[in-house]
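A.B. asks: I'll drop the sequence and a predicted model, then ask my questions.
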Amino acid sequence: MSGRLRRCPRDRTYTLQVSCPVCGHPTVPAHPARFSPTDNLGRYRRIARGWTI
């Protein structure tokens with residue numbers, strides 16, 4: 001268990017657990033990924049995901 005807040009996508013409850021205590025569905029991180037303006041590998045990540053520059 002980590003100290004990061006997580007959210008269940010099914011019933012939208014917040015928890016610190018990996019699975020939802022209400023429905024048992026796996027939870028996802030509630031916060032977006034960090035953004036860095038000096039992302040040196042961002043170009044390659046966009047190509048891998050299919051996002052064109």
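C.D. replies: Yes, it's here.

A.B. asks: what stretches of this structure score poorly on pLDDT?
C.D. replies: Applying pLDDT under 70 to the chain flags residues 1-2, 52-53.

A.B. asks: The spatially most central residue of it and residue 14, how far apart?
C.D. replies: Centroid-nearest residue in the chain, with C-alpha atoms, centre = their mean: residue 29, separated by 4.3 Å. The span separating residue 29 from residue 14 equals 11 Å under the rule C-beta to C-beta, to the nearest Å. For glycine as for every other residue, the C-beta is placed from the backbone atoms N, C-alpha and C.

A.B. asks: so what sits against both of the two?
C.D. replies: In terms of C-beta atoms under 8 Å, 6 or more residues apart in numbering, residue 29 and residue 14 are both contacted by the residues 5, 6, 7.

A.B. asks: Would you mind writing the ChimeraX command to select the buried ones in those residues?
C.D. replies: Under the burial definition 16 or more other C-beta atoms under 10 Å, those of the shared contacts of residue 29 and residue 14 that qualify are selected in ChimeraX by:
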select :6,7
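
A.B. asks: So which of the shared contacts of residue 29 and residue 14 sit within strands?
C.D. replies: Under the assignment DSSP state E, the shared contacts of residue 29 and residue 14 contribute 6, 7 to strands.

A.B. asks: Can I get the shared contacts of residue 29 and residue 14 in TSV including distance to residue 51?
C.D. replies: Supplementary listing: the shared contacts of residue 29 and residue 14 in TSV, determined by distance: C-beta to C-beta, whole Å:
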residue	distance to residue 51
5	28
6	26
7	25
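
A.B. asks: Now do stretch 20-35: distance from first to last residue.
C.D. replies: For stretch 20-35, the first-to-last residue distance is 27 Å (C-alpha to C-alpha, to the nearest Å).

A.B. asks: Report the distance from it to the chain centre.
C.D. replies: Here the centre of mass of C-alpha atoms in stretch 20-35, compared against the chain's by C-alpha atoms, centre = their mean, to the nearest Å, lies 7 Å away.
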